[in-house]
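Colleague: heads up, no residue letters with this:
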C-alpha cells in the first residue's frame, strides 16, 4: 500500500519543497525546504510541526505539510579608519540596496572601501543578499608650504608690481593686502603713497593638501625728500656765531 506526501509553500513563491511524492507504507520520507533569495525558512505546519530542515518521518498515512517562510533581513555593518566617519549600518530587508557615504575630517581624505564594498567612490551602494561589512579608509592630507618673493622697496611713482609666490603643492596662491598705501589687483599691487605696505600669500589646500601657513611680506614705498636753502635773517660781526636756524631745510614730500 502507498501513501501520498504532499507539501505546499507559504507564502506562495517564497521557496520550494523537495521530497514530496508517493511512499510505501513504513518508508521514510525526507522533505527539504529551500527559500528563495529574499526569504528564510521558519518551520513546518500541518501534519508535521517542527523546524527541522530537512525533516524525515515514517510514512504510515497520507501526509500534508506546509513549509513556512518569512521575508529575510540582513545586517550591514560599517566601520571607519582614523580620520573620518561613515554612514551607520543597520538591518534591512533582503535584496535591499543601501547607499553609504564616507566623510573625512579636515586633515584627512577618503581613499577606498574594503570588505563587501570596493572602489574609491563615495557614496557607494551595497546590495544585501547576505549580511555584509564595509569599511571606509582614510589617509592624512599632505602638508604644503608657500615661497613668497619679497617685492622690495618701491618709489611712490612706481608702476604696478607683479607679486611672485608659489606653493610646494603646485596649487595656485592668492594674495591679500593687510595694510598700507596700496591697491591690490589680483597678483599685482599698485602703490598709492609713501609708507610701509604689508601683503599676505595664501593657499587654502584641497582634497589632497592641507592649508599652507600664510606668508607675509612688507616693503616700503619711498618718496624723495628735498633740501631748500633758507637765507640768514642777519649777520653778526666779529667772532660771534649766529643763533639762527641752519640755512638748509629738509622737506618731506
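Modeller: Noted; the coordinates are in hand. Predicted, not measured: the structure shown is a model, and the values here were computed from it.

Colleague: got the contact list for residue 96?
Modeller: Residues near residue 96 by CB atoms under 8 Å, 6 or more residues apart in numbering: 74, 127, 128. C-beta here means a position set from N, CA and C on the backbone, and glycine is covered the same way.

Colleague: Sorry, slip of the keys, the one I care about is residue 104.
Modeller: Neighbouring residues of residue 104 by CB under 8 Å, 6+ apart: 83, 84, 110, 138.

Colleague: Just give me the closest of the contacts of residue 96 to residue 200.
Modeller: Using CB to CB, residue 127 comes nearest to residue 200 of the contacts of residue 96, at 51.0 Å.

Colleague: Quick check: beta-bridge partners of that closest one?
Modeller: residue 97 (DSSP bridges).

Colleague: can I assume it is in contact with residue 95?
Modeller: Yes. Using CB atoms under 8 Å, residue 127 makes contact with residue 95 at a distance of 7.2 Å.

Colleague: picking that back up, could the contacts of residue 96 go into CSV alongside distance to residue 174, pLDDT and neighbour count?
Modeller: Shown next, in CSV, are the contacts of residue 96 (distance: CB to CB, whole Å; pLDDT from 0 to 100; neighbours: other CB atoms under 10 Å):
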residue, distance to residue 174, pLDDT, neighbour count
74, 50, 93, 19
127, 45, 96, 14
128, 47, 93, 22
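
Colleague: Please identify the one among the residues you listed that lies nearest to residue 216.
Modeller: Of all the contacts of residue 96, residue 127 has the smallest distance to residue 216: 54.3 Å, by CB to CB.

Colleague: What distance do you get for that closest one to residue 97?
Modeller: As for residue 127, its distance to residue 97 is 5 Å (criterion: CB to CB, to the nearest Å).

Colleague: Buried residues, the helix or strand hosting residue 16. List them.
Modeller: Element membership for residue 16 (DSSP states H and E) is strand 15-18. Residues of strand 15-18 classed as buried by neighbour count (16 or more other CB atoms under 10 Å): 15, 17.

Colleague: Run through who's touching that strand.
Modeller: By CB under 8 Å, 6+ apart, strand 15-18 touches 7-9, 31-36, 39, 41, 65, 67, 69.

Colleague: Show me the two of these that sit farthest apart.
Modeller: Once CB to CB is applied, the contacts of strand 15-18 give 36 and 65 as the farthest pair, at 18.7 Å.

Colleague: Neighbour count: the two, which is higher?
Modeller: It is residue 65, of residue 36 and residue 65, that has more neighbours when counted by other CB atoms under 10 Å, with 23 against 15.

Colleague: Now do the residue lying closest to the more buried one once chain neighbours are set aside against residue 68, distance only.
Modeller: Excluding the flanking residues, the one nearest residue 65 by CB to CB, 6 or more residues apart in numbering is residue 46, at 4.3 Å. Using CB to CB, one obtains 10 Å as the distance from residue 46 to residue 68.

Colleague: any low-confidence regions in the stretch 1-150 of the chain?
Modeller: By pLDDT under 70, the stretch 1-150 of the chain contains no weakly predicted segment.

Colleague: nope, the stretch 151-253 of the chain is what I meant
Modeller: Ranges of the stretch 151-253 of the chain meeting pLDDT under 70: 225-253.

Colleague: so who does the residue lying closest to residue 188 once chain neighbours are set aside touch?
Modeller: Distances taken as CB to CB, 6+ apart put residue 160 closest to residue 188, at 4.5 Å, once the chain neighbours are dropped. Contact analysis of residue 160 by CB under 8 Å, 6+ apart lists 185, 188, 189, 190.

Colleague: With residue 171 instead?
Modeller: Counting by CB under 8 Å, 6+ apart, residue 171 makes contact with 144, 203, 205, 206, 209.
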